[in-house]
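Visitor: Here is a sequence with its predicted model. Questions after.
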Amino acid sequence: MSDYHYFDVQLKLRDPESVVLTPAYFRGCILNSLESFFGDIGGQTTVDIVKFSVQQRRVIFRVPEDFYERTRVATTLIGHYQEVPCHFQVLESSKSLLDFDKELGEVVSKNQSD
């Protein structure tokens, strides 16, 4: 059994040209959301960026299994990225490592049929 849970997330931005998309900013956004909704998490969890694509505005990251539910909730409730309106779409989540080299349409179709 895995000690981690993986997320494949796509960032949907109202104005993509006005932000700087980096792993550090993304990670900070997730951690800030966790703290905002669930209080001080003070080093209790880590968000590890596994794969990052600026072109697709997609990120695969992992969190400890204990934080799966809270992270999923906190991620889907994010409404701003660098003060630009947005939402984070969780395309897939899994206890095993994910990869977004497959076509985005395949992932969206798979999730809509679940």
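Guide: Received it, and whenever you're ready, just let me know what you need.
Visitor: hey, let's count contacts and neighbours off CA atoms from now on
Guide: Fine.
Visitor: For the stretch of helix or strand residue 32 belongs to, what is the distance to the chain centroid?
Guide: Using DSSP states H and E, residue 32 falls within helix 23-38. Relative to its chain's centre, helix 23-38 lies at 9 Å (CA atoms, centre = their mean, to the nearest Å).
Visitor: Flag every buried residue along that helix.
Guide: 23, 26, 27, 29, 30, 31, 32, 33, 34 (16 or more other CA atoms under 10 Å).
Visitor: Ok, stretch 52-62 next?
Guide: 52, 57, 58, 59, 60, 61, 62.
Visitor: Now do the helices in this structure.
Guide: 23-38, 68-76, 104-113 (DSSP state H).
Visitor: quick one: average confidence on the longest one?
Guide: If you average the pLDDT over helix 23-38, you get 91.
Visitor: Tabulate the helices of the chain (JSON lines), appending distance to residue 93.
Guide: Formatted as JSON lines, these follow (distance: least, CA to CA, whole Å):
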{"stretch": "helix 23-38", "distance to residue 93": "15"}
{"stretch": "helix 68-76", "distance to residue 93": "9"}
{"stretch": "helix 104-113", "distance to residue 93": "10"}
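Visitor: Return the per-residue confidence for residue 98.
Guide: Predicted confidence (pLDDT) for residue 98: 88.
Visitor: for it, phi and psi?
Guide: phi -100, psi 160 (degrees, to the nearest 10).
Visitor: What separation is there between it and residue 23?
Guide: 17 Å (CA to CA, to the nearest Å).
Visitor: ok, now residue 82?
Guide: 13 Å.
Visitor: how many neighbours does residue 7 have?
Guide: 26 (other CA atoms under 10 Å).
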